[in-house]
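> Build me a structure from this.
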Amino acid sequence: MSGPETDRQCRMDITDPLVPTDRATQINQVIGAISGTEIERQIITLASIGGILVDPTAEQSTRYATNRLALSEADKLAAEQFTIPLMEDADMDVIQHPFGLIGILKGKNSKLDPVVIMSHTDTVPDGDMYDGTFGVIAGITAAKTIKDAGVKLNRDLIIISLTGEESSRFGFACFGSQSMFTGLSAEEMSSQDSQGQTIAEVIGAQHAETVRHPIFGPKGSQFATPHATIELHVSQDKRLDRKDMEIGVVDAIAAPMRYKVRFGDDEPLKTAEAKYNYSRYIELVAQGRADHSGATPMTPGSRIDGLLATSQLLLEMFKSSRLKDRLAIEDIAIEGQAINKIPGVTKTLLRISADTEEEIDNILNELSEQIEEVENLCLQEAEKPEDKLFFDHHEIINRQLGALVFVKAVNTMVADPSLSKENIVGTVGTFDIDEKGVITLGLDIRGTHKDSRDEIITRLMEMCGMLQPYSNVEFGKPLAGSGDPVKLNDDLAAKAMEVISKYEIGKATRMFSAAGHDAQNAARAGVPTIMLFAPSRDGIAHNPAAYTSLDHLQKSARALAALAMELGFEN
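You can find the predicted model right below:
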């Protein structure tokens with residue numbers, strides 16, 4: 001290949017005095033040009049695609065609750081309108097994969113194994129602007145800044161913008177990265193969303209074979225096994241904040257085990273109106289705080305779980321002989337629910353029935369007195385909904401009680417102080433009831449110590465067996481994407497700490513990730529892998545209230561670029 005552009009590039013590589021030849025000077029030039037302000041601007045732009053504007057704060061004049069479920073129209077629109085143009089502006093070759101975009105910044109020798117930076121752009125419902133998207137934007141920013149500086153790495157730099165990291169749509173976490181590093185099975189592609197659509201159906205038959213096989217690997221694969229893989233993410237707990245640290249170097253990931261726990265069988269329940277003369281509908285509202293189910297510890301005060309608060313109160317209510325047959329739960333709804341998200345605002349529709357209006361008033365007064373003693377709970381009047389099924393109270397009550405007892409038990413077992421060193425966390429993140437009256441809970445259990453985590457799962461299974469006399473309970477097998485804790489590459493972690501210190505980027509510490517991430521699939525495939533974390537204020541994640549400062553965005557993005565360049569310069 002020849003021509004003016006090729007000749008100019010060759011001259012630049014060899015003789016251009018504007019391009020520094022010393023490696024450290026080149027890296028300093030690149031990282032010095034990376035701006036937290038510009039990265040935040042791009043984060044907000046991407047958040048607007050599928051996002052819902054929320055109230056501004058002192059630090060953020062524009063904020064969004066993000067809604068880009070994996071493979072949704074908003075997810076595809078983000079790729080087309082934002083990520084592809086951004087990659088092309090960095091002079092990257094862009095390859096479209098069914099589960100993401102692959103941008104390639106060519107190095108001097110494409111025969112060398114590439115350096116890979118990856119993260120994701122799909123989100124949980126009503127999520128935050130930074131989760132995943134920051135890593136993608138920082139990776140592309142690194143590539144563009146390297147290009148703009150006229151620097152040429154020895155190896156290709158590949159930036160991957162993934163989808164499918166969040167399990168919100170298909171109950172299957174990190175399926176995009178799993179496909180690229182190890183491939184997906186037919187069973188895994190049969191994972192369904194709430195509408196009954198499978199992953200295979202959404203991507204279409206023309207892509208099914210592509211996602212079954214990894215793109216990285218030995219000769220014959222699309223790309224060679226990476227020299228190293230780096231994922232940059234915002235931290236989803238308070239540890240960096242508490243230690244006054246600016247960058248986390250992650251050397252282990254506590255992968256989740258997830259289950260769908262069903263209460264009831266396929267025999268449809270009868271529907272019925274209340275047998276009393278009068279009924280009134282009341283909404284019980286629990287003001288929970290949505291947060292990441294894996295990264296938020298079980299220690300007192302760390303969680304405000306709307307479903308747990310609801311379960312505890314309803315179980316107390318059902319102990320009252322006065323409320324027997326007069327109180328019915330018609331529906332429990334968690335706003336923006338996801339299996340990997342602590343329930344936030346949780347609303348329960350209650351039907352109170354009696355022979356007289358006065359008796360209903362007395363019951364309501366009794367309930368109001370109970371509610372006043374509980375923080376973050378309130379009662380409010382509601383209209384009788386026309387689109388809800390009202391199951392016969394005597395038929396549905398045992399299923400409801402079983403489900404509520406299970407929610408409480410998960411939190412009681414996992415919050416055992418003796419498990420704190422193993423970093424075990426457990427959450428029931430979703431609550432659904434179908435037209436037959438079957439209640440399904442989404443359970444997420446994880447920890448850095450496999451044996452302790454699995455012991456909790458065994459105890460919960462045993463508890464389900466004890467509930468069988470009251471309601472048929474099916475614990476089910478682990479959902480796709482479940483897995484064991486993963487150790488990342490120690491040498492890469494040490495190198496990351498060395499690079500951050502060498503270029504005086506910020507205060508860094510080694511740590512583990514309580515939340516699962518795409519990096520775990522690269523590590524499982526035998527690829528040398530590391531993660532970097534930027535602090536999230538108060539550890540808030542999966543919630544529009546999440547915030548990472550401009551300074552922290554800038555420093556962690558510079559750490560990513562410096563580490564990628566050091567690795568990319570290696571022969």
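> can you pull the contacts of residue 35?
By C-beta atoms under 8 Å, 6 or more residues apart in numbering, the contact list for residue 35 reads residue 554. The way it works is simple: take the backbone N, C-alpha and C, and place the C-beta from them, glycine included.
> Contacts for the helix or strand harbouring residue 211, please.
Using DSSP states H and E, residue 211 sits within helix 205-212. With contact meaning C-beta under 8 Å, 6+ apart, helix 205-212 is reached by 97-99, 179, 183-186, 189, 200, 203.
> Now that we have these, which of them are buried?
Neighbour-count burial (16 or more other C-beta atoms under 10 Å) applied to the contacts of helix 205-212 gives 97-99, 179, 183-184, 189, 200, 203.
> Looking at those residues, which is nearest residue 125?
Distance to residue 125 across these (C-beta to C-beta) is lowest for residue 99, with 19.7 Å.
> and the nearest residue to that closest one once chain neighbours are set aside, helix, strand or coil?
Closest residue to residue 99 apart from its sequence neighbours, by C-beta to C-beta, 6 or more residues apart in numbering: residue 176 at 3.6 Å. Three-state assignment for residue 176 (DSSP: H, G, I helix; E, B strand; the rest coil): helix.
> tell me which residues in stretch 505-523 are buried?
In stretch 505-523, residues buried by neighbour count (16+ other C-beta under 10 Å) are 505-506, 508, 511-523.
> wait, which of those is closest to residue 252?
Nearest to residue 252 among the buried residues of stretch 505-523: residue 512, at 4.1 Å, using C-beta to C-beta.
> biggest separation within the contacts of helix 205-212, which pair?
Farthest pair in the contacts of helix 205-212 (C-beta to C-beta) is 97 and 186. Separation: 18.5 Å.
> tally of neighbours for residue 458?
By other C-beta atoms under 10 Å, the residues close to residue 458 number 10.
> now residue 96
Residue 96 has 11 nearby residues by other C-beta under 10 Å.
> try residue 366
Using other C-beta under 10 Å, residue 366 has 14 neighbouring residues.
> Got phi/psi on it?
phi -60, psi -40 (degrees, to the nearest 10).
> Pull up the gap between it and residue 277, please.
Using C-beta to C-beta, to the nearest Å, we find residue 366 at a distance of 19 Å from residue 277.
> do residue 362 as well
Using C-beta to C-beta, residue 362 is found at 15 Å from residue 277.
> Over to residue 471?
According to C-beta to C-beta, residue 471 stands 30 Å off from residue 277.
> For those two, indicate the residue with more neighbours.
Set residue 471 next to residue 277 and count neighbours by other C-beta under 10 Å: residue 471 wins out with 21 against 12.
> Could you grab the helix/strand/coil label for that one?
coil.
> again, but for residue 88
Assigned with three-state DSSP, residue 88 falls in the helix class.
> okay, the spatially closest residue to it that is not a sequence neighbour: pLDDT?
Among residues not flanking residue 88 along the chain, residue 94 sits closest, at 6.2 Å (C-beta to C-beta, 6+ apart). Per-residue confidence (pLDDT) for residue 94: 98.
> Show the contacting residues for residue 94.
The contact partners of residue 94, taken as C-beta under 8 Å, 6+ apart, are 84, 87-88, 101-104.
> which one among those gets closest to residue 434?
Ranked by distance to residue 434 (C-beta to C-beta), those are led by residue 101 at 36.3 Å.
> and that closest one, backbone torsions?
Torsion angles, degrees, to the nearest 10, at residue 101: phi -120, psi 140.
> try residue 377
When read as degrees, to the nearest 10, the backbone of residue 377 gives phi -120, psi 140.
> Low-confidence regions, the stretch 201-350 of the chain specifically.
321 (pLDDT under 70).
> ok, which stretches of it are helices?
Using DSSP state H, counting those that start in this stretch, the helices found in the stretch 201-350 of the chain span residues 205-212, 239-242, 306-317.
> returning to what we had before: wait, is the residue nearest to residue 88 part of a strand?
Yes: looking at residue 94 with three-state DSSP, it is inside a strand.
> buried set for the helix holding residue 211?
Neighbour-count burial for helix 205-212 flags 207-208, 210-211 (criterion: 16+ other C-beta under 10 Å).
> So the residue nearest to residue 27 when sequence neighbours are not counted: helix, strand or coil?
Counting by C-beta to C-beta, 6+ apart, residue 27 lies nearest to residue 565, which is 4.9 Å off, once chain neighbours are set aside. The assignment at residue 565 comes out as helix when based on three-state DSSP.
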